[in-house]
Every structure is written in C-alpha cells, then in structure tokens.
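>>> when you get a sec, could you give me coordinates for this:
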Amino acid sequence: MNDQPKSPATLRSAVANAHIADRIREARHAAGLTLTDLGTALGITYQQIQKYETHEVRVPAGRLWQIAKILNVPVAYFFEGMGEEHLRSTDQAGWQALREMRLGPRHKNIVRGFMTLNPENRELIAKAIARLIKQQQGAA
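Next up, the predicted model:
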C-alpha cells in the first residue's frame, strides 16, 4: 500500500470515481440487469463489472459511454449529484487515516461513503457511533 500523502485533487478524483461506480450499480439494478447481463452486453466478464462497481477499477470513458447506452441512461446520469461541493466534502484528515489503516475493501467502501457525506450528516453518524460505543461499554 502506498502511504505517500495524496493531493486534494487525487482525493477528489477518488470520490468522483466511487460516485460513478455507485451510479452504475444503481442504473444496472434499475434496468433489472445482473452483473453477468451487463458484462455479456459489453463483451466483458461479470467480474470486471463487479470491479467497476466496487471501486476496484476505474471505468474508462469509452466504457462508461457503452454502459450508458446499454442501461438506457445519458452519460450525465453517472455524474448527477456530484457537484463541486460534493467533491470538496472529502476530508484530508479522514483520507489520511484511511490510508494508515489496513482495512479490507468492505470497510474502505464504508469509510469512502462516509467521506462523501456533507459535514452535518457526518456529524450525525459520528454521534450515533459514539452512542453505540457507550452503550456497548455499559453492557460489558
């Protein structure tokens, strides 16, 4: 794992890539297609689609265009809800903590999702976690 600090632009790019991947999954589900269905239509394996949707691999621009056509959505669909404010919501300290932890893909996706939330929602989740920890410690 590369522990070198990432630039804010790189972090924003990672958030954008995760957002696009999530939107692909949403559109695929809305279209009633399986990973295999979409992979077959694109001439690639379902594993490759799975890698796109789990943020393991970036989606090339040409492939995004093909996916949009198959799912019958405009390419702009994948970028909806991803304004400059959304991209700025990445918290440098949070991303640094993520890089320092040795987390599995599932946990990283949770942290990535958290980092895309607006500050008010992050605060609500942080308070909920603090309450759960306190309850758990009281039960121990």
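>>> ok, longest helix in the protein?
Across the chain, the longest stretch assigned as helix under DSSP state H is helix 8-30.
>>> which other helices and strands contact that helix?
Under the contact criterion of 3 or more Cβ pairs under 8 Å, 6 or more residues apart in numbering; DSSP states H and E, helix 8-30 touches helix 46-53, helix 61-71, helix 84-88, helix 92-100, helix 105-116. C-beta: built from backbone N, CA, C; applies to glycine.
>>> quick one: residues contacting His19.
78-79, 81-82, 86, 116 (Cβ atoms under 8 Å, 6 or more residues apart in numbering).
>>> one more pass at 7 Å, please.
Applying Cβ atoms under 7 Å, 6 or more residues apart in numbering, we find His19 in contact with 82, 116.
>>> repeat for Pro60
With Cβ under 7 Å, 6+ apart, Pro60 has no contacts at all.
>>> can you tell me how far it is from Ala76?
Distance, Pro60 to Ala76, by Cβ to Cβ, to the nearest Å: 17 Å.
>>> what's the following helix or strand after the longest helix of the chain?
helix 35-42 (DSSP states H and E).
>>> can you give me the buried ones in that next one?
Burial within helix 35-42, assessed by neighbour count using 16 or more other Cβ atoms under 10 Å, is assigned to 35, 38-39, 42.
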